[in-house]
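Student: coordinates only, sequence not included:
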């Protein structure tokens, strides 16, 4: 294959032309100059921040919190004077503004006058947030602006920690007041507990008293019902006997009026006297067997009511007085509607029983009078019966004493008339007595029902008082425990420090750079190799052959091998210089050298195609191509931070993969990533090699025709 013959001619011609040879050697050293200038520096962008002038204005007037003076501005100034984060200049506001106007400072920071004062408002109803003000002169340098902004964030964090510490101290100071409040509340709760114990005891005594008197109240109600029933029976008996009394009065009158007839017919009078004797016996029997027992039963019932009522009045009065005394000890119960209703009901019952006691006396007197009248009536009835016996006896033997009989008959008639009148009055009195006893019975039933209601209410009150006592005791225990727990919290300096800065950062770096230059080395090496090959196109021909090759393929192979040798030489020089002279630390020196050679050959293939197809315009395209890749292949910004359209474009640029490949060797030590990027660059190498071959195959026919005709242009073409 004559490709090697053409290659030998190319190299021989290069050796014979010393000027071109030295130019090629000089161009091969251009990437070394790039590397020497850009990779020799071992300092980083954050190594001399104390030389970056920043104005700091402290106008904080300070404040007082819980008797303690605070001045966050002065504390911050003291800390910044000890640090070398930036080149701090502590100046007045006028000096800071003038320095910013004269482009002297990269940033101005101000602590306002009310900064510390706002810090003390943490526990106010409307707390105020303190402000830290700053002005950046971003136009002086973008990197400086980012550094100063980061410094401001750290200062804000420092002030935030100090403010949080102040807040924490204030809050812990208030815990003492809270503990005292819990203790006071517990003491008050103890008093409430004692009061509820007294209330519970009182309601229990009241309940016991009500239960004890409950049977007496029922007995009184039952007795009054029986008394009403007995008086009703007495009234019915009196009303039934009224007719007989009226007949007796009418008969005695007839006797008096018919005394003359009596004189003439003593036998008839005797018979009449016998009839009167039978009526008198019936009357006596009624008075003795019916009226007297009923009156006696009425007197017994009234007497029992009279004896029981004072005890009832006394018990009710004691209940009312006890409840009023309890109310005076606990005036807050005046707001309890149920309790006040209970007091009013008890008082009303006491007054009702007192009135009933006063009204029972006339009833008792009337009952006694009724008993006396009935006894007198019974005695009179007996006398009447005895008189009738005597009359019958006398009538039998003393027909001659008719005048005396007439006089006696008149007296009998008058007595019977009086008896009839008194009998009517007695019936009326018994009716009144029956009505009163019915009212007493109804009242006593109401008293019994009310007594049961009071007993139920007092029982509920007693249960409530017991629950209240239990709850107040629980409240006392809870407040006491709360006071102990709050008082056990101690605000030490360590505690306050933890509250003010509860989270500390603890991290580590993976694949850390030894020097800042290591982060830019992939980009610098890729750029140096590409630029070196691009400049090489100006000192050695990338298209014209030294002699006419036998074919387009021979032309391509000879040129590719010649340029490949130069690309390999460039890759070896750059990698060895970086390793031996710049002391660049890499994961594998062998991988680094081989990848540098591979990248150089790949870039050579791309430039070979552009120059072979377009000459000088191709060189311009190659230059524009490298400039295009400077900002979108991960050199300045990570590719994920680019706009979406540029991220998509970066996937098709070879510098993206050369940068990633060098990064995998220099900082990551990731062999798989190196292989991945190498394979991608291999695609570029193959594609552009094929394209260049196509260009030379197409151009070879034209070259062959011109050289076969000894065309002068052919000499120019191959010169």
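Tutor: Cool, the structure landed. Quick caveat, the model's predicted, so the values are computed rather than measured. Residues are numbered from 1 along each chain as shown.
Student: for residue 56, list each beta-bridge partner.
Tutor: Residue 56 has the following beta-bridge partners by DSSP bridges: residue 90, residue 109.
Student: need the pLDDT of it.
Tutor: Among the per-residue scores, residue 56 holds a pLDDT of 91.
Student: so what's it up against?
Tutor: Neighbouring residues of residue 56 by C-beta atoms under 8 Å, 6 or more residues apart in numbering: 77, 80, 88-91, 96, 108-109. Every C-beta, even on glycine, is put in place using the N, C-alpha and C of the backbone.
Student: repeat that for residue 281.
Tutor: Shown in contact with residue 281 (C-beta under 8 Å, 6+ apart): residue 385.
Student: following element in sequence after the helix or strand where it lies, please.
Tutor: Using DSSP states H and E, residue 281 sits in helix 266-286. Elements were assigned by DSSP H and E; along the chain past helix 266-286, the next helix or strand is helix 292-329.
Student: may I see the buried residues of that next one?
Tutor: Within helix 292-329, the residues that count as buried by 16 or more other C-beta atoms under 10 Å are 292, 294-295, 297-299, 301-302, 304-305, 308-309, 312-313, 315-317, 319-320, 322-323, 326-327.
Student: residues touching residue 388, list them.
Tutor: Applying C-beta under 8 Å, 6+ apart to residue 388 gives the contacts 273, 276-277, 280.
Student: with residue 73 instead?
Tutor: Contacts of residue 73 by C-beta under 8 Å, 6+ apart are 58-60, 62, 111, 115-116.
Student: cool, residue 599 as well?
Tutor: Contacts of residue 599 (C-beta under 8 Å, 6+ apart): 525-526, 529, 571, 658, 661-662, 681.
Student: at 7 Å what do you get?
Tutor: Residue 599 is in contact with 526, 529, 571, 658, 681, counting by C-beta atoms under 7 Å, 6 or more residues apart in numbering.
Student: and which of these is nearest residue 259?
Tutor: Set against residue 259, the nearest of the contacts of residue 599 by C-beta to C-beta is residue 658 (171.5 Å).
Student: packing partners for the strand or helix carrying that closest one?
Tutor: Element membership for residue 658, per DSSP H and E: helix 654-663. Helices and strands touching helix 654-663, as assessed by 3 or more C-beta pairs under 7 Å, 6 or more residues apart in numbering; DSSP states H and E, comprise helix 517-536, helix 589-614, helix 671-708.
Student: please identify which of these is closest to residue 287.
Tutor: Closest to residue 287 of the helices and strands packed on helix 654-663 is helix 671-708 (C-beta to C-beta; 137.9 Å).
Student: tell me how far that closest one is from the chain's mean position?
Tutor: Helix 671-708 sits 72 Å away from the centroid of its parent chain (C-alpha atoms, centre = their mean, to the nearest Å).
Student: so which elements touch that helix?
Tutor: Packing contacts for helix 671-708, counted by 3+ C-beta pairs under 7 Å, 6+ apart, involve helix 552-576, helix 589-614, helix 654-663, helix 712-718.
Student: in it, what's buried?
Tutor: Burial within helix 671-708, assessed by neighbour count using 16+ other C-beta under 10 Å, is assigned to 674, 677-678, 680-681, 684-685, 688-689, 691-693, 695-696, 699-700, 703-704, 706-707.
Student: what's the answer for stretch 217-230, then?
Tutor: Under the neighbour-count criterion of 16+ other C-beta under 10 Å, stretch 217-230 has 217-218, 220-221, 223-230 buried.
Student: for it, what does the pLDDT average out to?
Tutor: The pLDDT scores in stretch 217-230 average 74.
Student: same question, stretch 272-283
Tutor: Across stretch 272-283, pLDDT averages out at 78.
Student: give me the neighbour count for residue 194.
Tutor: Neighbourhood size, residue 194 [other C-beta atoms under 10 Å]: 12.
Student: distance of it relative to residue 329?
Tutor: Distance, residue 194 to residue 329, using C-beta to C-beta, to the nearest Å: 12 Å.
Student: switch the contacts of residue 388 over to TSV; also include neighbour count.
Tutor: Output for those, formatted as TSV (neighbours: other C-beta atoms under 10 Å):
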residue	neighbour count
273	26
276	23
277	17
280	22
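Student: any chance of JSON lines for the residues you listed, columns distance to residue 364?
Tutor: Shown next, in JSON lines, are the contacts of residue 388 (distance: C-beta to C-beta, whole Å):
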{"residue": "273", "distance to residue 364": "41"}
{"residue": "276", "distance to residue 364": "37"}
{"residue": "277", "distance to residue 364": "37"}
{"residue": "280", "distance to residue 364": "32"}
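Student: relative to residue 640, which of the residues you listed is nearest.
Tutor: Residue 640 has its nearest neighbour among those in residue 280, at 139.3 Å by C-beta to C-beta.
Student: where does residue 434 land in three-state SS?
Tutor: Assigned with DSSP: H, G, I helix; E, B strand; the rest coil, residue 434 falls in the helix class.
Student: and the contacts of stretch 82-89?
Tutor: Residues from elsewhere that reach stretch 82-89 (C-beta under 7 Å, 6+ apart): 49-56, 80, 148, 151.
Student: put the buried members of those residues into a ChimeraX selection.
Tutor: To isolate in ChimeraX the members of these that are buried, counting by 16+ other C-beta under 10 Å, one can use:
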select :49,52,53,54,55,56,80,148,151
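Student: could you dump the contacts of stretch 82-89 to CSV with secondary structure and distance to residue 518?
Tutor: Shown next, in CSV, are those (DSSP: H, G, I helix; E, B strand; the rest coil; distance: C-beta to C-beta, whole Å):
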residue, secondary structure, distance to residue 518
49, helix, 20
50, helix, 24
51, helix, 23
52, coil, 23
53, strand, 29
54, strand, 29
55, strand, 34
56, strand, 34
80, helix, 32
148, helix, 25
151, helix, 25
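Student: and which of the contacts of stretch 82-89 is nearest residue 588?
Tutor: Within the contacts of stretch 82-89, the smallest distance to residue 588 is 34.9 Å, found for residue 49 (C-beta to C-beta).
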